[in-house]
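Novice: heads up, no residue letters with this:
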Ligand code: SAM
């Protein structure tokens, strides 16, 4: 057990179970010339496995862990930046590092999971695979199917870029301090086939605007759009004109955007 004053505000529950730690590292399946971004190494339990496989670039917000982490690892294997991942210019941090494919691995506090994923997507970081541990319910949202209440714009963006897979549950007993709920490992693998999208900016804006107010119909959220063109695609897909965004699949959003 490491000596540390655990901070709730940073979501600090550190992994203790060696078997689980190895299993998580194996999901990423990285090679020696790949680079792993680890967000929140904490005491470095998972990091220890990651450095055996590939080069690591880690971001840790808690400066109290600086001495401990720097003593634990060889500077040739890992570069640890003690800062909030959300405030970093990631492309700039990556610019002097040579690697083949990029992976992201993180065991994250629930409140920053979506901002972190959004940042990676919006900054167009070319990630081969993300392996994220999240609270079990948060995991359900990422894998949500069209028509369910968890289905949201983030679900659609993730589906656009990645194949999403629920890997395995991690019991709360694997952590210290023990959290209140179990977690789940989810992997996001880059889709090899790209969708046929004429203008990504139009598509992304359409999706964001469509979910502006979830309770409203699509028509009400898209007042500034030429709705006749949208209506045509809805009818072709057997969707009612007063449909809500949560009932529209990624494929239909793409059709609408290509038609605008
Ligand atoms: N990876 C370690 C493990 O599995 O044992 C620690 C996981 S702990 C749930 C989350 C870690 O993320 C903590 O070390 C915390 O300080 C760090 N963290 C929280 N928010 C962060 C942020 N915005 N940027 C970087 N690190 C962050």
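Specialist: Noted; the coordinates are in hand. Only a predicted model underlies this, so the values are computations on that prediction, with no experimental measurement involved.

Novice: separation between the residue of the stretch 1-150 of the chain found nearest the ligand and residue 117?
Specialist: Nearest residue of the stretch 1-150 of the chain to the ligand: residue 40, at 2.1 Å (C-beta to the nearest ligand atom). For every residue, glycine as well, the C-beta is placed using N, CA and C. To residue 117, residue 40 is 14 Å away according to C-beta to C-beta, to the nearest Å.

Novice: ditto for residue 147
Specialist: Distance from residue 147 to residue 117, by C-beta to C-beta: 22 Å.

Novice: ok, now residue 103?
Specialist: 14 Å.

Novice: mind listing what residue 239 touches?
Specialist: With contact set as C-beta atoms under 8 Å, 6 or more residues apart in numbering, residue 239 has these partners: 247-248, 252.

Novice: hmm, try it at 7 Å
Specialist: Residues near residue 239 by C-beta atoms under 7 Å, 6 or more residues apart in numbering: 247-248.

Novice: equivalent analysis for residue 256, please.
Specialist: Residues counted as contacts of residue 256 (C-beta under 7 Å, 6+ apart) are 206, 230, 233.

Novice: excluding its backbone neighbours, what's nearest whatever residue of the stretch 151-260 of the chain ends up closest to the ligand?
Specialist: Nearest residue of the stretch 151-260 of the chain to the ligand (C-beta to the nearest ligand atom) works out as residue 175 at 7.4 Å. Once flanking residues are discounted, residue 175 sits nearest to residue 13: 4.1 Å by C-beta to C-beta, 6 or more residues apart in numbering.

Novice: what's the separation between that neighbour and residue 176?
Specialist: Distance from residue 13 to residue 176, by C-beta to C-beta: 7 Å.

Novice: neighbouring contacts of whichever helix or strand residue 157 is part of?
Specialist: Assessed by DSSP states H and E, residue 157 sits inside helix 153-161. Contacting residues not belonging to helix 153-161 are listed as 114, 117-118, 121, 141-142, 144, 164, 188, 190-191, 195, 207-208, 211, 250, 253 [C-beta under 7 Å, 6+ apart].

Novice: helix or strand right after it?
Specialist: strand 162-170.

Novice: report the buried residues of that following strand.
Specialist: Residues of strand 162-170 classed as buried: 162, 164, 167, 170 (neighbour count, 16 or more other C-beta atoms under 10 Å).

Novice: restrict those to those near the ligand?
Specialist: The subset of the buried residues of strand 162-170 within reach of the ligand, by C-beta under 6 Å from any ligand atom, is empty.

Novice: dump those to JSON lines, plus pLDDT.
Specialist: Shown next, in JSON lines, are the buried residues of strand 162-170 (pLDDT from 0 to 100):
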{"residue": "162", "pLDDT": "95"}
{"residue": "164", "pLDDT": "93"}
{"residue": "167", "pLDDT": "96"}
{"residue": "170", "pLDDT": "96"}
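
Novice: tell me which two of these sit farthest apart.
Specialist: 162 and 170 (20.5 Å; C-beta to C-beta).

Novice: helices along this structure, start to end?
Specialist: 18-28, 45-53, 66-72, 90-94, 110-122, 136-142, 153-161, 200-210, 218-221, 227-236, 250-259 (DSSP state H).

Novice: ranking those helices by mean pLDDT, which is last?
Specialist: With a mean of 80, helix 136-142 has the lowest mean pLDDT of these.

Novice: show residues contacting that one.
Specialist: With contact meaning C-beta under 7 Å, 6+ apart, helix 136-142 is reached by 110, 113, 150, 152, 155, 158, 164, 166, 169, 181-184, 186.

Novice: residues of the stretch 101-250 of the chain that sit close to the ligand?
Specialist: Counting by C-beta under 6 Å from any ligand atom, the residues of the stretch 101-250 of the chain lying close to the ligand are 107, 109, 112.
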